[in-house]
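Peer 1: Please find the sequence and the predicted model below.
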Amino acid sequence: MKGKIFRVLYSSLLLWSMVALGGCVSTSLSQRFAFDDKPESGVLFASMTYFGQTGFSIAYRNVGDPEIKGKLLVDDLVGSPLSFESSDFDGARGKIVAVELSPGDYEFYSWGVRSGFLRLGASSPFSIKVRVSRGAATYAGEFQMVPVGKLGAMVSSAEVHFEEKIRRDGSIFLEKYPGIGADSLYTGIPESISIRNLGSGASADFDFVSILLPALMIAPILD
């Protein structure tokens, strides 16, 4: 009985995660990555910090292409007692997130937050442009999600701020990816840049999958 309950809970949570995040989330960079093995590739990395029980993502695309290329993501368990992952930062939950990309010009243009059955997104598009070069790990800054409104324990409104923190983030990145040397590290943003409220605040919507999941999870337990 307990095994059945666990399998149902796990399967339901997995289904919810796949639907909520969609197919655009970029595969995280392997910590064994080295440019010696992939000299034609580039790496893009950023820090993502947040407060509260939320999932947080930043969307990016090729400059000049309206279609999404991928998303950088941190989930709502990082740094919490329920997670096997600890936060990369003191005083905030979050991670250094890195992806392997083909050389080219990219831009971050939207963000999303998942909190319970609420899904928030940037009210308007923005543009943070970075150039990814072959054999280089390009730093794209820190994206910080700050709740500005709550509905019970859920985040109902949020702002995302952007800042250059290469000294902190570069050091953590090199520790996490020992196969990438400091001589391959570059910053793709102006020094000391700081932008408040990317996307002019949040628009909100309901995630009906999250609303229906409790019924899906409880039904087999009651059988």
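Peer 2: Cool, got the structure.
Peer 1: For burial, what's the neighbour tally of residue 133?
Peer 2: Counted with other Cβ atoms under 10 Å, the neighbours of residue 133 add up to 14. Heads up, the C-betas are built off the backbone N, CA and C, glycines and all.
Peer 1: Could you pick out the longest strand of the protein?
Peer 2: strand 137-151 (DSSP state E).
Peer 1: List the strands paired with that one, with their directions.
Peer 2: Paired with strand 137-151 in the same sheet, following DSSP bridges, are strand 42-50 (parallel), strand 154-163 (antiparallel), strand 185-187 (parallel).
Peer 1: which stretch in those strands is the model least sure about?
Peer 2: Lowest mean pLDDT within these: strand 154-163, a mean of 90.
Peer 1: what's the model's confidence in the helix or strand just after it, averaged?
Peer 2: Remark: after strand 154-163, the chain's next helix or strand is helix 166-176, criterion DSSP states H and E. Mean pLDDT, computed over helix 166-176, is 96.
Peer 1: Name the residues that touch helix 166-176?
Peer 2: Outside helix 166-176, the residues within contact range by Cβ atoms under 8 Å, 6 or more residues apart in numbering are 31, 45-47, 88-89, 96, 98, 137, 139, 142, 180-182, 185, 187, 191.
Peer 1: That helix: which residues count as buried?
Peer 2: 166, 169-170, 172-174 (16 or more other Cβ atoms under 10 Å).
Peer 1: Reformat those residues as JSON lines; add distance to residue 112.
Peer 2: Below are the buried residues of helix 166-176 laid out as JSON lines (distance: Cβ to Cβ, whole Å):
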{"residue": "166", "distance to residue 112": "25"}
{"residue": "169", "distance to residue 112": "21"}
{"residue": "170", "distance to residue 112": "26"}
{"residue": "172", "distance to residue 112": "24"}
{"residue": "173", "distance to residue 112": "23"}
{"residue": "174", "distance to residue 112": "29"}
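Peer 1: For this structure, which segments are assigned as helices?
Peer 2: In the chain, the segments counted as helices under DSSP state H are 2-21, 166-176, 208-222.
Peer 1: Geometric centre of this structure: which residue is closest?
Peer 2: Central residue of the chain (Cα atoms, centre = their mean): residue 73, 1.8 Å from the mean position.
Peer 1: What sits closest to it if chain neighbours are left out?
Peer 2: Spatial nearest neighbour of residue 73, excluding adjacent residues (Cβ to Cβ, 6 or more residues apart in numbering): residue 57 at 4.5 Å.
Peer 1: Thought residue 70 was touching the one you found, still the case?
Peer 2: No - taking contacts as Cβ atoms under 8 Å, residue 57 lies outside contact range of residue 70: 9.7 Å.
Peer 1: So which of these two has more stuff around it?
Peer 2: residue 57 (25 against 19).
Peer 1: So, low pLDDT: which residues of the protein?
Peer 2: In the predicted model, the chain carries pLDDT under 70 at residues 1-26, 52-53, 76-85, 204, 206-223.
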